[in-house]
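1. Predicted model and sequence below, questions to follow.
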Amino acid sequence: MKLAKFILFKIVSKMYRVILFFGIPSFETPFSPLNIHILPKGHNTSKSKETYDKYYLNNGEWNQDVELFNLITDLSKEFNSKPSLLDMGCGLGDLCFNLENTELFSKITGIDISSVSIKKANEFKKSHKSSSSFFTSGIDKTNFSKSSFSIITSIGAHEHLKKPDFSEIKRLLPNDGICIMVLPACGPFHPNRGNWVQKGVQSEWWYSRKDWEKFMLRDGLRNSTKEYKNIIENYITGKKKRWTFILKPI
């Protein structure tokens, strides 16, 4: 009897440690917590440009998520005329080039903090004979005019800012514009929730979906994902469903 209680205690203890580390299983984790460490809130991200420049000097694309390609093209058909599109954190421009080939957009622009990636994107632009435009720029402040783009995409970009900030998206979208955004949304009970987490060479904020929505509302954007539920379910499943936001200006 004592042995059985001891074994049960060990099993429960181990399960508790697993839940404490990974979060309650029913609440998803954005990425595997292996090989990460927590950095202080407000950690200086000034080296992020150098990080990405160094990466793009030695490698190709930053594994940009192009699974959203069909979702973006379907959403572009919601407009009465061809929409303009801005890809924030465009990397080498793969998503821009692929979207341009659909001929569904009036103009496509990509921006990235890495001058190296933008230089390479403009080189690829020549070989692709592309009309897309690429500029070195942060995503929290740009030189574009107000209401410049019908659609803005941010695929794994905004979580890397020094603090959550969506105000530039609000400024650049017209009233009928939309933003397709992917963010790492962890479960509400995950131990890393609200932390600035470093994974490999990247650093990012981990928040729950509700947390992100509060920041978006603060900056004048509402989560309109439910309005496009039928479209999203054609393409997005599993955890990415939790991470995908379709935003509209308030």
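-> Arrived safely, thanks for sending.

2. what sits opposite the residue lying closest to residue 151 once chain neighbours are set aside in the beta ladder?
-> Leaving aside its sequence neighbours, residue 151 sits nearest to residue 85 (Cβ to Cβ, 6 or more residues apart in numbering; 4.5 Å). Placement of C-beta: from N, CA and C, glycine included. Counting by DSSP bridges, residue 85 is bridged to residue 108, residue 151.

3. The spatially most central residue of the chain and residue 112: what is the separation?
-> In the chain, the centroid-proximal residue (Cα atoms, centre = their mean) is residue 156; its distance is 2.4 Å. Computed as Cβ to Cβ, to the nearest Å, the residue 156 to residue 112 distance reads 12 Å.

4. who touches both of the two?
-> Jointly contacting residue 156 and residue 112 under the rule Cβ atoms under 8 Å, 6 or more residues apart in numbering are residue 89.

5. and the closest residue to the residue nearest to the centre of the chain other than its chain neighbours, what are its phi and psi?
-> Nearest non-adjacent residue to residue 156, counting by Cβ to Cβ, 6+ apart: residue 182, 5.6 Å away. Main-chain torsions, residue 182, degrees, to the nearest 10: phi -120, psi 120.

6. What of the one 4 residues further on?
-> The phi and psi values for residue 186, taken as degrees, to the nearest 10, are phi -90, psi 170.

7. Assess the claim that it and residue 205 are in contact.
-> No - if you go by Cβ atoms under 8 Å, residue 186 and residue 205 don't touch, sitting 9.9 Å apart.

8. Of the two, which one has the most company?
-> Set side by side, residue 186 and residue 205 show more neighbours around residue 186, with 29 against 24, by other Cβ atoms under 10 Å.

9. give me the beta-bridge partners of that one?
-> In this entry, residue 186 is beta-bridged to residue 208, by DSSP bridges.

10. my read is residue 125 is in a helix, agree?
-> Yes - using DSSP: H, G, I helix; E, B strand; the rest coil, the assignment for residue 125 is a helix.

11. count of neighbours near it?
-> Residue 125: 19 surrounding residues under other Cβ under 10 Å.

12. Give the ranges of residues in the protein that sit below the confidence cut-off.
-> Within the chain, the stretches with pLDDT under 70 are 1-2, 4-67, 200-201, 237-241.

13. In it, mark out all the helices, start to finish.
-> For the chain, helices defined by DSSP state H occupy the ranges 2-22, 48-58, 69-76, 94-100, 115-128, 167-172, 209-218, 229-233, 239-243.
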